[in-house]
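Asks: quick check, what structure comes out for this input:
(chains A and B)
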Amino acid sequence: MQEFLQLVVSGIATGAIFASLALALVLIYNAMGLVNFAQGEMAMFAAFIAYTLINHGMSFWIAFPVTMVLAFGGGILIQRIVIKPVERAPVLTLVIITLGLATLVNGFAGFIWGYVPRYFGSPFSSDSIDLGGVFLNERDLGVIGVSGLVLLAVYLLLQHTTVGLTLRAAAHHPEASRLLGVHVSWMLALGWGLASAVGAVSGMMVAPILLLEPNMMQTIIIYAFAAAVLGGIESPLGAVVGGLVVGVVINLAGAYIPNAGDLQLAFGLGIIILVLILKPNGLFGRAATRRV
Amino acid sequence: MVTRVYRPSHGTVVVDGQPVQTIRAHNVIRHGLARTFQNVALFRSMTVLENVLVGDHVATRSGWLQASVPLPGAVAAESASRKRALEMIDFVGLRMHADRPVAALPFGVQKRVELARALVSRPRLLLLDEPAGGISHEEVDAMASLLRRVHIELGVTMLLVEHHMAFVMGISDRVVVLDFGKKIAEGTPAQVQKNPAVIEAYLGAA
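Replies: Next up is the predicted model:
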């Protein structure tokens, strides 16, 4: 039982990382009706930026918000330069563009920092806290705490501010929003900035666990897709719940199913396929209805 | 065309002396123009109150930084905005539905939500696309008296497209009749009803 609880907590920590990236995917899905295949690479790039800042003597806790702000600006820039010119293009064009963007960001990171994995120090101590026989790793708790705060901030922004309201309105019904005086185009850019900043959190949280290198996020993004699909691709809350579920499930599966370590990624893809077959709208998604 | 969704192939639309082609789409509402849609264009996953709040955000007019950081000024503006939205929801008689998601409400109620959302920005000219379309007889009558109150109590001028004859004749000051895109009559409801071309096309010859 104690081992089980420990696995659940570390699963939640991994899940919090998936949740941040999944939330980034959902934010952009809502803004352009398509997931951003470059989301993981953008998060990786942000982690490299944090790494560089820390290497230049900045403390992690200053580099963290600075990186988020830079990622926010970068996300807006990408939307204005790369996405806006093709926003009315067919879906396939946008798919290819975000895939191209992923390759571009990946190659650019390799060009600047190389492909040798780098050690990215964790901001949390590796001590354990004994909670009645259950040993909780401080790193896990730290990841859960930081991700939780960021996700809470995004929730408050979206649900309880005027900007959040108009952001949701613009994503939901651009034409009607425009007629109500919403600057739809800038709201979509803001959505990209926000997604980029939230994704950056996942990059900075995962880098100390996985070692930092340009291909770091390529498995994480699969789990984030699984999380987003599980929660319902349009639902920010669903992304978070989906992330936590996926994190716990693969952690438990890895521990209790013999030799399952190699199959963890297959579990992620399995979740995507199962959800799409059994409950295509996800746990929190709305069924697509149309008035005719 | 008046609200800049479509571009006219020729001619111009002038509202209050200003050609609307010179106004950008998201600024149309700042010039006192609002509209509703035939099949309602609401934010379906949001509540009635949230929908109306989006309509009001232009009036709130704080920059997006103030609007995202809960500064005292923004908080005050937010609660003022909430108050205006609730007043308008009251006006259309939907106070008890304010916190329900729009998608769960019947179509006739959604039409009134859309009306409240359009009115909360205090437009001078409101465009209505088939306000009586797709709703029941009782709702048509209620909509007619609601629009009459909009005109009298809020002083809003309305331009509406509708083919429900009793509705049109009951609430209009002036009626323009189109038959296949051509104007065949214009005048008060009484004048239009006597026009032979209108009787031929719409009302049916006795």
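Asks: got any ranges where chain B has weak pLDDT?
Replies: Applying pLDDT under 70 to chain B flags the ranges B:1-12, B:16-17, B:20-22, B:24-25, B:30, B:58-75, B:203-206.
Asks: that one: strands as residue ranges?
Replies: B:14-15, B:18-19, B:33-35, B:125-129, B:157-161, B:175-179, B:182-187 (DSSP state E).
Asks: and the contacts of the fourth one?
Replies: Outside strand B:125-129, the residues within contact range by Cβ atoms under 8 Å, 6 or more residues apart in numbering or on different chains are B:2-3, B:15, B:32-38, B:115, B:118-119, B:147, B:150, B:156-162. Quick note: C-beta positions are derived from backbone N, CA and C, even for glycine.
Asks: what parts of the stretch 151-292 of chain A come near chain B?
Replies: Neighbours of chain B within the stretch 151-292 of chain A, by Cβ under 8 Å from any Cβ of the partner chain: A:157, A:161-166, A:168-169, A:172-173, A:175-184, A:190, A:286, A:289, A:291.
Asks: which of these are buried?
Replies: A:161-166, A:168-169, A:172-173, A:176-184, A:190 (16 or more other Cβ atoms under 10 Å in any protein chain shown).
Asks: surely B:G32 and B:R124 touch.
Replies: Yes: applying Cβ atoms under 8 Å, one finds B:G32 in contact with B:R124, separated by 3.7 Å.
Asks: and those two? which has more neighbours close in?
Replies: Applying other Cβ atoms under 10 Å in any protein chain shown to B:G32 and B:R124 shows that B:G32 carries more neighbours, namely 16 against 13.
Asks: quick check: the gap between B:V120 and A:T52.
Replies: Computed as Cβ to Cβ, to the nearest Å, the B:V120 to A:T52 distance reads 48 Å.
Asks: more neighbours: which of these two?
Replies: Remark: of B:V120 and A:T52, B:V120 carries more neighbours, 27 against 14, as counted by other Cβ under 10 Å.
Asks: which residue ranges of the chain form helices?
Replies: Chain wasn't specified; assuming chain A. A:2-32, A:39-55, A:60-78, A:91-113, A:138-160, A:162-172, A:174-179, A:184-210, A:217-231, A:236-256, A:264-278 (DSSP state H).
Asks: you looked at the wrong chain, it should be chain B
Replies: B:48-60, B:64-68, B:72-91, B:107-119, B:137-154, B:165-171, B:189-194, B:196-198.
Asks: need those in CSV (columns: distance to A:I273 and mean neighbour count).
Replies: Below are these laid out as CSV (distance: least, Cβ to Cβ, whole Å; neighbours: other Cβ atoms under 10 Å in any protein chain shown):
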stretch, distance to A:I273, mean neighbour count
helix B:48-60, 35, 24
helix B:64-68, 38, 17
helix B:72-91, 44, 16
helix B:107-119, 37, 24
helix B:137-154, 46, 15
helix B:165-171, 52, 17
helix B:189-194, 62, 15
helix B:196-198, 61, 14
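Asks: closest to A:A22 out of these?
Replies: helix B:64-68 (22.4 Å; Cβ to Cβ).
Asks: would you mind listing which of the contacts of strand B:125-129 are buried?
Replies: B:2-3, B:15, B:32-37, B:115, B:118-119, B:147, B:150, B:156, B:158, B:160, B:162.
Asks: for chain B, what's its nearest residue on the stretch 1-150 of chain A.
Replies: A:N30 (10.3 Å; Cβ to the nearest Cβ).
Asks: that residue reaches A:H173, doesn't it?
Replies: No: contact between A:N30 and A:H173 fails when scored by Cβ under 8 Å: they sit 11.4 Å apart.
Asks: look up phi and psi at the closest residue to A:A102 other than its chain neighbours.
Replies: Nearest residue to A:A102 in three dimensions, chain neighbours excluded: A:A38, at 4.0 Å (Cβ to Cβ, 6 or more residues apart in numbering or on different chains). Main-chain torsions, A:A38, degrees, to the nearest 10: phi -90, psi 0.
Asks: any residues of the stretch 1-150 of chain A in contact with chain B? List them.
Replies: Checking the stretch 1-150 of chain A against chain B by Cβ under 8 Å from any Cβ, there are no hits.
Asks: any weak-confidence spans in the stretch 1-150 of chain A?
Replies: In the stretch 1-150 of chain A (pLDDT under 70), no residue qualifies.
Asks: redo that, cut-off 90
Replies: The stretch 1-150 of chain A contains residues with pLDDT under 90 at A:1-6, A:10, A:30-35, A:83-92, A:94, A:121-139.
Asks: CA atoms of stretch A:102-117 as CSV?
Replies: Only the C-alpha atoms of stretch A:102-117 are listed here, as CSV (Å, rounded to 0.1, in the frame of the first residue of the first chain):
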residue,chain,number,x,y,z
ALA,A,102,8.7,21.6,-34.9
THR,A,103,11.5,20.5,-37.1
LEU,A,104,12.8,24.1,-37.4
VAL,A,105,12.8,24.7,-33.6
ASN,A,106,14.4,21.3,-33.0
GLY,A,107,17.1,21.9,-35.6
PHE,A,108,17.7,25.4,-34.3
ALA,A,109,18.2,24.2,-30.8
GLY,A,110,20.6,21.5,-32.0
PHE,A,111,22.5,24.2,-34.0
ILE,A,112,22.9,26.4,-30.9
TRP,A,113,23.3,23.9,-28.1
GLY,A,114,24.2,20.6,-29.8
TYR,A,115,22.8,17.2,-29.2
VAL,A,116,24.9,16.1,-26.2
PRO,A,117,22.5,15.6,-23.3
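Asks: can you list the buried residues in that stretch?
Replies: Quick answer for stretch A:102-117 (16+ other Cβ under 10 Å): A:102, A:105-106, A:109, A:113.
Asks: just the closest of those residues to A:V150, please.
Replies: Once Cβ to Cβ is applied, the member of the buried residues of stretch A:102-117 that ends up nearest A:V150 is A:V105, at 21.4 Å.
Asks: in stretch A:91-105, which residues are buried?
Replies: A:94, A:97-98, A:101-102, A:105.
Asks: tell me, how many residues neighbour A:G285?
Replies: Neighbours of A:G285 using other Cβ under 10 Å come to 18.
Asks: quick check, pLDDT for it.
Replies: pLDDT for A:G285: 73.
Asks: ok, it - contacts?
Replies: Per Cβ under 8 Å, 6+ apart, neighbours of A:G285: A:231-235, A:238.
Asks: quick check: the farthest pair among those?
Replies: A:G231 and A:E234, at 9.2 Å, using Cβ to Cβ across the contacts of A:G285.
Asks: higher neighbour count, the two?
Replies: Counted by other Cβ under 10 Å, A:G231 and A:E234 do not tie: A:G231 has more neighbours, with 29 against 21.
Asks: this completes my enquiry, with thanks.
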